[in-house]
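Undergrad: fold the following, please.
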Amino acid sequence: MIAIETEIKTINHFIGGQAIPATSGRSGVVWNPATGEAQAHVGFANEADVNAVVANAKAAWPAWRDTPVSKRSEILFKLRELVDQNRRRIAEAISAEHGKTVPDALGEVARGLECIEFACGIPTLLKGEFSEQVSRGVDVLQLRQAHGVVAGITPFNFPAMVPMWMFPNAIACGNAFILKPSEKDPSAGLILAELCLKAGVPPGIFNVLQGDKVAVDGLLNHPDVKAISFVGSTPIAKYIYETGTRNGKRVQALGGAKNHMVVLPDADINMAADAAVSAGFGSAGERCMAISVLVAVDSVADPLIAAIRERMEKIKVGPGSDPTSEMGPLISREHRDKVAGYMDSAKEDGATVTVDGREHPISNSPGFFLGTSLIDNVKPGMRCYNDEIFGPVLNVARVKTYEEALNMINSNPFANGVAIFTRDGGVARQFQMEVEVGMVGINVPIPVPVAFHSFGGWKASLFGDLHMYGPEGIKFYTRNKVITSRWPDPSTSAVNLGFPQNR
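TA: Take a look at the predicted model:
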């Protein structure tokens, strides 16, 4: 057991524009993954805290809904500048609590910033439609209106970017937003809340509720929360979706992933190896878009694996705050141990552990470190293939043909992201048409859409009808309303019991 320091800071809720302590008496530990030491306590919400934050948001919402859309856009432009100015501060907070390197965290902030930039265009994005004279003297107006109070439940791996996938569109559309960040690294969300307030977002429009399952269930069951966005594992995503929709809420819940990267014999070996290492081990593999299965087709396997191993040997693993580090620790000791356990199960299932991250010298340090791992001869049915490992482990599956590779991907229950590396444009076009995955990269290993498109997978990787951020994010955070109006000459009015027809 590691002793918890007694004099460490306490992280609170952010409700109505100010820090509010939790009233439950329960809390969790925020660890420093690089040292294995406790650095903060975070207070956990109870039912009273959930009721308080929802009531505050509900009270603030009507005035924000009625704020001119051009004014909301102006505030978002100010927020964009403030987030830009505070990139380093946010990134360092992420690195301290999550463990990823500061450059990696800066990249996360940059991608989130793009979503704020997209939301700045809300006057155009909320434009309705109008049809004149659909029938004699009848016009139809279609517009989009805010729900009211909405919530976002976000994961530990992107504590700034994923909230920025949600709240800029949510508040731009005129909603009040409640963020329930991961209890493992909650500080980035609080910095964003502070910057929102400084930009002119009214108190109560962006709130942060700290906690665990009690907080999540409170939001799912509260009648005044109208819509919920979630990013996390598939079992929890399914629970969020089923519970929320059963309670009459609109829900988008992004689940797990098992992303494949197909490398054909004609691919550039060095380019593919660079991509596999970057996408497999960046952020210690704690990415829902990480490449976790390299599908090597025919003769490309051996030279590709050799090139990957050469690159793995040069990766500098160390604290995220060290400018020379390329990969940091995992989020917690429990998660590190779980990921490491896949080496044993892979051997038991008949795979070949080519590089075992547990043998890296840094794995014996006090932090939650694990070196990079490479498992060869992986097949569907093995635990290391079936599970989303969410760590620095790259699996290699060897197949003979393109068709075998495609069938492996399309048979997988997850369908978040996929990539193919080839010089053949015809094969690439065929792949993008035939593969049953939501986000596809062609010679791009992590095909995360830019902010003016939308993010989301298929099958067990997404529960709900709408993807996240971008144009579908605007649809998610608004309700469609159609108004049919008539201003006829009173002398033409008459009783007609038949079904209305356009004439």
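Undergrad: geometric centre of this protein: which residue is closest?
TA: Most central in the chain under C-alpha atoms, centre = their mean is Val162, positioned 4.4 Å from the mean C-alpha point.
Undergrad: ok so that residue is a helix residue?
TA: Yes: counting by DSSP: H, G, I helix; E, B strand; the rest coil, Val162 falls inside a helix.
Undergrad: break this structure down into its domains, please.
TA: 9-255+461-482, 259-442 (automatic domain parsing).
Undergrad: any chance of these in a markdown table, with mean pLDDT and distance to His453 too?
TA: The way it works is simple: take the backbone N, C-alpha and C, and place the C-beta from them, glycine included. Formatted as a markdown table, those follow (pLDDT from 0 to 100; distance: least, C-beta to C-beta, whole Å):
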| stretch | mean pLDDT | distance to His453 |
| --- | --- | --- |
| domain 9-255+461-482 | 97 | 5 |
| domain 259-442 | 97 | 9 |
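Undergrad: still on that earlier bit, the residue nearest to the centre of the chain contacts Ile153, doesn't it?
TA: No: counting by C-beta atoms under 8 Å, Val162 sits too far from Ile153 to count as a contact (9.6 Å).
Undergrad: shared neighbours, those two?
TA: Val231 (C-beta atoms under 8 Å, 6 or more residues apart in numbering).
Undergrad: which non-adjacent residue is nearest the residue nearest to the centre of the chain?
TA: Spatial nearest neighbour of Val162, chain neighbours left out: Thr154 (4.4 Å); criterion: C-beta to C-beta, 6 or more residues apart in numbering.
Undergrad: check Phe206 too.
TA: Sequence neighbours aside, Cys196 is the residue nearest to Phe206 in space, at 4.4 Å (criterion: C-beta to C-beta, 6+ apart).
Undergrad: same check on Ala346?
TA: The shortest distance from Ala346 to any non-neighbouring residue, by C-beta to C-beta, 6+ apart, is to Cys384 (4.4 Å).
Undergrad: list the contacts of the one you found.
TA: Cys384 touches 342, 345-346, 349, 351, 375, 378, 393, 395, counting by C-beta under 8 Å, 6+ apart.
Undergrad: element containing it, please.
TA: Element membership for Cys384, per DSSP states H and E: helix 383-386.
Undergrad: now that helix, how far from the centre of its chain.
TA: 22 Å (C-alpha atoms, centre = their mean, to the nearest Å).
Undergrad: returning to what we had before: can you redo the domains of the chain as JSON lines with distance to Val450?
TA: Compiled in JSON lines, these are given as follows (distance: least, C-beta to C-beta, whole Å):
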{"stretch": "domain 9-255+461-482", "distance to Val450": "7"}
{"stretch": "domain 259-442", "distance to Val450": "12"}
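Undergrad: need the max-distance pair from the contacts of Cys384.
TA: Asp349 and Val393 (13.7 Å; C-beta to C-beta).
Undergrad: could you pull out the helices for the stretch 351-500 of the chain?
TA: In the stretch 351-500 of the chain, the segments counted as helices under DSSP state H, counting those that start in this stretch are 383-386, 402-410, 425-434, 470-476.
Undergrad: what helices or strands is the last one leaning on?
TA: Under the contact criterion of 3 or more C-beta pairs under 8 Å, 6 or more residues apart in numbering; DSSP states H and E, helix 470-476 touches helix 122-125, helix 161-172.
Undergrad: what residues does it touch?
TA: 118, 122, 125-126, 144, 165-166, 169, 173, 227, 229, 250, 252, 449, 451-456, 466-468.
Undergrad: just the buried members of those?
TA: Buried by 16 or more other C-beta atoms under 10 Å: 118, 122, 125-126, 144, 165-166, 169, 173, 227, 229, 250, 252, 451, 454-456, 466-468, out of the contacts of helix 470-476.
Undergrad: need the CA coordinates for the helix or strand where Val30 lies. CSV is fine.
TA: Take DSSP H and E as the rule and Val30 turns out to sit in strand 27-32. C-alpha atoms of strand 27-32 as CSV (Å, rounded to 0.1, in the frame of the first residue of the first chain):
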residue,chain,number,x,y,z
SER,A,27,-13.8,11.3,-2.3
GLY,A,28,-11.3,9.7,-4.6
VAL,A,29,-7.5,10.0,-5.1
VAL,A,30,-6.0,11.8,-8.0
TRP,A,31,-2.6,10.1,-8.5
ASN,A,32,0.6,11.3,-10.1
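Undergrad: chain center to it, what's the gap?
TA: Worked out by C-alpha atoms, centre = their mean, strand 27-32 lies 22 Å from the chain centre.
Undergrad: sheet-wise, list the partners of that strand with their directions.
TA: strand 37-43 (antiparallel) (DSSP bridges).
Undergrad: export only the CA atoms of the strand it pairs with, formatted as CSV.
TA: Presented in CSV, the C-alpha positions along strand 37-43 are these (Å, rounded to 0.1, in the frame of the first residue of the first chain):
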residue,chain,number,x,y,z
GLU,A,37,2.1,9.4,-5.3
ALA,A,38,-1.3,11.0,-4.4
GLN,A,39,-1.5,14.6,-5.5
ALA,A,40,-5.2,15.5,-4.7
HIS,A,41,-8.5,14.4,-3.4
VAL,A,42,-11.6,14.9,-5.6
GLY,A,43,-14.9,15.2,-3.8
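Undergrad: show the pLDDT at Ser493.
TA: On pLDDT, Ser493 comes in at 69.
Undergrad: correction: Phe499
TA: Confidence score, pLDDT, at Phe499: 71.
Undergrad: for Asp139, see how far away it is.
TA: For Phe499, the distance to Asp139 equals 20 Å [C-beta to C-beta, to the nearest Å].
Undergrad: more neighbours: the two, which one.
TA: Asp139 (15 against 5; other C-beta atoms under 10 Å).
Undergrad: quick check: the more buried one is in a strand.
TA: Yes: counting by three-state DSSP, Asp139 falls inside a strand.
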